[in-house]
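> predicted structure and sequence below. I'll ask about it afterward.
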Amino acid sequence: LAASRIEENKVKELNQLSVSYNKMLERLSDAFEIQRQFTANAAHELRTPLSLMQVQLDLYNSTRHPDNDADTLQTIKMVTEQNGRLSKMVKTLLDMSELQTVGRDDEIMVDALVDEVLADLDPLAQEKNIKLTGKCKNITMVGSDILIYRLVYNLVENAIKYNHSGGQVTVTAYRKEKHVYLSVEDTGNGIPEELRERVFEPFFRVDKSRSRELGGVGLGLALVREIVRVHDGSIAVRSNPSGGTVFDVILPL
Ligand code: ADP
């Protein structure tokens, strides 16, 4: 009898624990939702004044007087660039806040998607005389094609941006059991080992001035990590044995 009472008490305790655990999860998920909403609202609000500023700047550029002095033109150019950076940042923040609501049931042909990214980024690669190679097996996975495109695009764009002139970028993808293994490999400077995990943090940049020069805002990899997360995958970064960086992504089929 005593033993069964102990058992009963244990079950009660476990039930209570599970109720408070569920409540805690609910509160956490509410807090995330509030944060997501806040980011989405702030980004929406910021978009309008930024577009209006861009319209004014374009107008000024198209109607500018031939004898505007060089300083004024230089200032306009700088403001236009900064406005572009802010708009890009706001767009990425908006994309991040909307990730949860994007449908993830598209059938994606991974090799075709990688080929599309490589073709779209070819002009950027040519500017730096970088060779892009795709070595992908014929794999189909289920997910959001817009988001997976963005994931591969951001990784390949970085692999080009942080590469040397004459360098190489190779994308490989293969299937192993129930997963897709996708890697983006470059021959750039690489990332110091102690900073590798931090590159996924929003706004983190190894070399701020270099990233700014290349038009970066420090959100590309944060978005990549979120895309991987909503697809229940994983991402890791390591150094390329022949110099440079490799990003390894594993996604469920
Ligand atoms: P950014 O807009 O600055 O490119 P990201 O979030 O895409 O922002 O990347 C964060 C930082 O990680 C970059 O500023 C850069 O310092 C570093 N990084 C990303 N990809 C690479 C790469 N392939 N090789 C070297 N450094 C990289």
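It's in. Numbering: from 1, shown residues only.

> how far off centre is the helix-or-strand element of the chain with minimal mean pLDDT?
Between all helices and strands in the chain, the lowest mean by mean pLDDT, DSSP states H and E belongs to helix 208-213, at a mean of 79. How far helix 208-213 lies from its chain's middle: 18 Å, per Cα atoms, centre = their mean, to the nearest Å.

> same question, stretch 22-37
23 Å.

> stretch 104-111 too?
Here stretch 104-111 is found 18 Å from its chain centre; the criterion is Cα atoms, centre = their mean.

> ok, and what's touching the least confident helix or strand of the chain?
Identification of contacts with helix 208-213 by Cβ atoms under 8 Å, 6 or more residues apart in numbering yields Arg85, Tyr162, Arg205, Val217, Gly218. Using the backbone N, CA and C atoms, a C-beta is placed for each residue, glycine as well.

> widest-spaced pair of these?
For the contacts of helix 208-213, the farthest-apart pair by Cβ to Cβ is Arg85 and Tyr162; their separation is 17.7 Å.

> hmm, back to that, out of the contacts of helix 208-213, which are buried?
When the contacts of helix 208-213 are checked for burial by 16 or more other Cβ atoms under 10 Å, the buried set is Tyr162, Arg205, Val217, Gly218.

> could those residues be laid out in CSV, adding pLDDT?
Putting the buried ones among the contacts of helix 208-213 into CSV (pLDDT from 0 to 100) gives the following:
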residue, pLDDT
Tyr162, 94
Arg205, 89
Val217, 82
Gly218, 88
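
> take those residues and keep only those in strands.
Judged by DSSP state E, strands contain none of the buried ones among the contacts of helix 208-213.

> can you narrow these to ones near the ligand?
Tyr162, Arg205, Val217, Gly218 (Cβ under 6 Å from any ligand atom).

> check contacts around the second one.
With Cβ under 8 Å, 6+ apart as the criterion, the residues that contact Arg205 are Ser211, Arg212, Gly216, Gly218.

> of these, closest to the ligand?
For the ligand, the nearest member of these is Gly216. The distance, counting by Cβ to the nearest ligand atom, is 2.5 Å.

> quick check: phi and psi on that closest one?
phi -80, psi 150 (degrees, to the nearest 10).

> can I assume it is in contact with Asn154?
No - Gly216 is not in contact with Asn154 according to Cβ atoms under 8 Å; the separation is 10.5 Å.

> around the ligand, pick out the residues from this protein.
158-159, 162, 186, 188-189, 191, 199, 204-207, 211, 216-222, 245.

> restricted to helices, list those residues.
By the criterion of DSSP state H, membership of the residues of the chain next to the ligand in helices covers Asn158, Ala159, Ser211, Gly220, Leu221, Ala222.
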